[in-house]
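[1] sequence first, then the predicted structure:
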Amino acid sequence: MTDHLPRRQVLRTAGALGLGAAAAGALGGTAQATSATGTPDRLTAMGAHHGKLEIRKDPFGTTADGVKVDVYTFTNGRVTISMLTWGATIQRVETPDRRGRTKNISLGFDNLPDYATLSPYFGSTIGRYGNRIAKGRFTLDGTTYQIPVNNGENALHGGTIGFDKRVWTAKVVETEKKIGVAFSYVSPDGEMGFPGELTTTVTYTLDRRDNLRIDYHATVAGKATIVNLTNHVYLNLAGEGSGPIDGHVLQLDAPSYTPVDAGLIPTGEIAPTAGTPFDFSKPTAIGKRLRDDHPQLVVGRGYDHNFVLGGTPDDDGLRWAARFWEPEDGRTVTVLTTEPGAQFYSGNFLDGTFQGIGNKSYRQGDAFAFETQHFPDSPNHPNFPSTVLRPGQTYTSTTIYSFGTK
């Protein structure tokens, strides 16, 4: 029935039918991908069968200044990830529930203009500096730098045109055990006010065990800079656009967190979570204490805070950070990271003013984000872990989202 649909419509129809995007090639009558020029672009010969690794590339759109944007879709036959070269963005995450029914659980759009003008960082790779910098200002080696403010009087996620609004170059990564894409971007000295030329590569790979691994790598030339990279994927484990995530259960290994002021800038205090609504040491429904009369929940309109992660890193530097579980359909996602913190955000500022990829409005509390990171505003708090990167040093970080069911 879909033989004559445009390829993008094939992808959307496949998702609506509960099929992974990897199966969309079969629905469209070809196993080949199509390049931005419209010519066949075979990226792998591993096939679209269940349990096989496959990747394909399709055109997604063109920016206002004429740069083509592609979507890469890769699958292990069970979990399917779609990513854009625009912002190295996770567009779709399709996973099965405990009954084997597949849904997209990631908030996003089906067109480039909405990403360019409306997106609150849906699935974006964030840089140079994830989270907030007070008044957009910091001092490094005796020089004060100013980042364009875009969140009240503060700079958020790298300023007005951060890494989320850049087109990255892409290279397929494929082995016997994993498949994905390495995205690269070179940020010139002075871009958004940051010092030094920063070369960044972020590699997203999916393995046969349903682990989405994100490896960050960056070096700087010329001057020292500050770096805090993360991904801002919004998830709803019941399915994108399905309603509030209040019933999702969260267990989070974080003995402390960093309280914030009215502008959501850390005060510098590192406060214990025990005995507060921020204590998720035992599995707890996100909505259970979301509306408690706690001053930090009031100022954030819910959870929008950096948690200081506990636990002991393994030999690879990874520590177990959190697990989210949606009881009705049974989907889970477990997060491991090398980072010292994570911003847990309960979707407080989604306001229903636009429609997402499933043609449903996203409203307050309809998704969560869990952004592994160094702490917000670290350059202005000497007691926080340093985010300074100097020439000759290498920034590395790894986060794994492990999808499953319970």
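    Arrived safely.
[2] looking at this, Arg213 is in a strand?
    Yes. Counting by DSSP: H, G, I helix; E, B strand; the rest coil, Arg213 is found in a strand.
[3] pretty sure it contacts Ser397?
    No. Using C-beta atoms under 8 Å, Arg213 makes no contact with Ser397, being 11.4 Å away. Bear in mind the C-beta positions are built from the backbone N, C-alpha and C, glycine included.
[4] between those two, who's got more neighbours?
    It is Ser397, of Arg213 and Ser397, that has more neighbours when counted by other C-beta atoms under 10 Å, with 21 against 18.
[5] check contacts around the more buried one.
    Counting by C-beta atoms under 8 Å, 6 or more residues apart in numbering, Ser397 touches Asp215, Tyr216, Leu229, Thr337, Thr338, Glu339, Thr372.
[6] now do the strand or helix carrying it, average pLDDT.
    Assigned by DSSP states H and E, Ser397 falls within strand 395-405. Strand 395-405 comes out with an average pLDDT of 98.
[7] list the neighbouring strands of it plus their orientation.
    Partners of strand 395-405 in the sheet, by DSSP bridges, are strand 211-221 (antiparallel), strand 331-337 (antiparallel).
[8] extract the CA atoms of that strand and return them as PDB.
    This file holds the C-alpha atoms of strand 395-405, laid out as PDB (Å, rounded to 0.1, in the frame of the first residue of the first chain):
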ATOM      1  CA  TYR A 395      37.900  16.400  26.400                       C
ATOM      2  CA  THR A 396      36.300  13.000  26.500                       C
ATOM      3  CA  SER A 397      33.000  11.900  28.000                       C
ATOM      4  CA  THR A 398      30.700   8.900  27.500                       C
ATOM      5  CA  THR A 399      27.000   8.300  28.300                       C
ATOM      6  CA  ILE A 400      25.000   5.200  27.600                       C
ATOM      7  CA  TYR A 401      21.200   5.000  27.300                       C
ATOM      8  CA  SER A 402      20.300   1.300  27.700                       C
ATOM      9  CA  PHE A 403      16.700   0.500  26.500                       C
ATOM     10  CA  GLY A 404      14.700  -2.400  27.800                       C
ATOM     11  CA  THR A 405      11.500  -3.700  29.400                       C
END
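[9] in it, which residues are buried?
    Tyr395, Ser397, Thr398, Thr399, Ile400, Tyr401, Ser402, Phe403, Gly404, Thr405 (16 or more other C-beta atoms under 10 Å).
[10] which stretches of this structure have low pLDDT?
    For the chain, the stretches with pLDDT under 70 are 1-50.
[11] which residue ranges form the helices in it?
    Assigned by DSSP state H, the helices in the chain fall at 7-16, 24-27, 112-117, 295-300.
[12] could you list every helix and strand in contact with the third one?
    What that stands for is helix 112-117. strand 54-62 (3 or more C-beta pairs under 8 Å, 6 or more residues apart in numbering; DSSP states H and E).
[13] now do the strand it packs on: which elements does it pack against?
    Using 3+ C-beta pairs under 8 Å, 6+ apart: strand 54-62 touches helix 7-16, strand 33-34, strand 68-75, helix 112-117, strand 178-187.
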